[in-house]
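Enquirer: Predicted model follows, preceded by the sequence.
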Amino acid sequence: QVQLVESGGGLVQAGGSLRLSCAASGGTFSNYAIAWFRQAPGKEREFVSAISASGSRTYNTDSVKGRFAASRDNAKNTVYLQMNSLKPEDTAVYYCAAGRWYLRLHGNYYDYWGQGTQVTVSS
């Protein structure tokens with residue numbers, strides 16, 4: 001059983017940056033690929049970014065390419081999402097999720113989820 005806890009969200013002006021963290025406990029963290037999803041009010045949850053178990057592969061959805069970057073430190077059981085050049089449309093609750101397979105875009109493929117952290121970008 002893996003527990004995930006996100007942190008690092010907050011209120012930022014457009015053009016600003018935030019770094020989200022996803023800290024894991026339980027299980028063998030380095031066995032799991034991690035994905036970031038987000039859900040804005042009134043919208044469906046959407047895939048944002050993924051990082052493989054080793055951290056050697058990453059992928060970002062088109063809307064955040066060039067602005068967001070996922071990384072991980074398996075020694076610290078933590079995954080990060082660096083978010084730069086934030087836009088008001090990035091406002092959402094951000095979730096990290098752990099699963100056995102890298103780059104699965106649908107949330108059903110992930111076994112464990114964090115509680116989410118709110119990111120609000122003001123214009």
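Expert: That came through, no problem.

Enquirer: going forward, measure contacts and count neighbours with C-alpha atoms only.
Expert: Noted.

Enquirer: so where's the protein uncertain?
Expert: Under the criterion pLDDT under 70, no range of the chain is flagged.

Enquirer: Report the central residue of it.
Expert: Residue closest to the mean C-alpha point of the chain, counted by CA atoms, centre = their mean, is W36 at 2.7 Å.

Enquirer: ok, now how distant is the residue nearest to that residue when sequence neighbours are not counted from E46?
Expert: Spatial nearest neighbour of W36, excluding adjacent residues (CA to CA, 6 or more residues apart in numbering): C96 at 4.5 Å. Using CA to CA, to the nearest Å, C96 is found at 12 Å from E46.

Enquirer: before we move on, the earlier item: could you give the number of residues near the residue nearest to W36?
Expert: As a burial measure, C96 scores 31 neighbours (other CA atoms under 10 Å).

Enquirer: Give me the sheet partners of the helix or strand hosting it and which way each runs.
Expert: C96 belongs to strand 92-99 when assigned by DSSP states H and E. Strand 92-99 pairs in its sheet with strand 33-39 (antiparallel), strand 112-113 (antiparallel), strand 117-122 (antiparallel), by DSSP bridges.
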